[in-house]
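Novice: I would like to see how this sequence folds:
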Amino acid sequence: MAVTELSLVASPPFAPHQAQRLARHLQTLGDPTRLQILSALELVCVPVSAVVDATGLPQPTVSHHLRILADRGLVRGARHGTRIYYCLEDARVLDCVRGLQALVGDR
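Specialist: Numbers count the residues shown, from 1 in each chain. Purely as a prediction, here's the structure:
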């Protein structure tokens, strides 16, 4: 019996620069503290103190991880008076995280 090779790939593989960029974002999302912070932001812009209250994490820890998330372009900060309010740069990041959570949630 002859075996025929089927192409099941709907799109071409990632280019090296795309794979590197995606891996960097996945590494950023691979930290439990950052996942807590992202979920605390949800769809609202909040000051650091609100993230601290929502997560129970120390303020220096929250500030450190918000800086990393901002450097990676996953959140943005905007100064209002004496406070900086943080928002998700793109709400789809939570869709991705929740999709992964659903994938591994039952295991």
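Novice: From residue 66, how far out is residue 37?
Specialist: Distance, residue 37 to residue 66, by CB to CB, to the nearest Å: 6 Å. C-betas here are computed from N, CA, C, even on glycine.
Novice: Common neighbours of these two, please.
Specialist: 51, 75 (CB atoms under 8 Å, 6 or more residues apart in numbering).
Novice: which of those two has more neighbours?
Specialist: Neighbours were counted for residue 37 and for residue 66 using other CB atoms under 10 Å; residue 37 has more, 25 against 21.
Novice: That one is in what secondary structure piece?
Specialist: Residue 37 belongs to helix 32-41 when assigned by DSSP states H and E.
Novice: quick one: buried residues of that helix?
Specialist: Residues of helix 32-41 classed as buried by neighbour count (16 or more other CB atoms under 10 Å): 34, 35, 36, 37, 38, 40, 41.
Novice: Hmm, residue 55 and the fourth one touching each other?
Specialist: If I follow you right, that is residue 37. Yes: the pair residue 37 and residue 55 passes the contact test of CB atoms under 8 Å, sitting 6.5 Å apart.
Novice: Need the residues touching each of those two.
Specialist: Listed contacts common to residue 37 and residue 55 are residue 62; contacts here mean CB under 8 Å, 6+ apart.
Novice: Helices along this protein, start to end?
Specialist: For the chain, the helices defined by DSSP state H cover 16-29, 32-41, 48-55, 59-71, 92-105.
Novice: export those to TSV and tack on distance to residue 78?
Specialist: Converted to TSV, the helices of the chain look like this (distance: least, CB to CB, whole Å):
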stretch	distance to residue 78
helix 16-29	21
helix 32-41	13
helix 48-55	12
helix 59-71	11
helix 92-105	18
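Novice: any chance of the ones you listed in TSV, plus mean pLDDT and distance to residue 81?
Specialist: Shown next, in TSV, are the helices of the chain (pLDDT from 0 to 100; distance: least, CB to CB, whole Å):
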stretch	mean pLDDT	distance to residue 81
helix 16-29	93	29
helix 32-41	94	19
helix 48-55	95	13
helix 59-71	96	17
helix 92-105	89	27
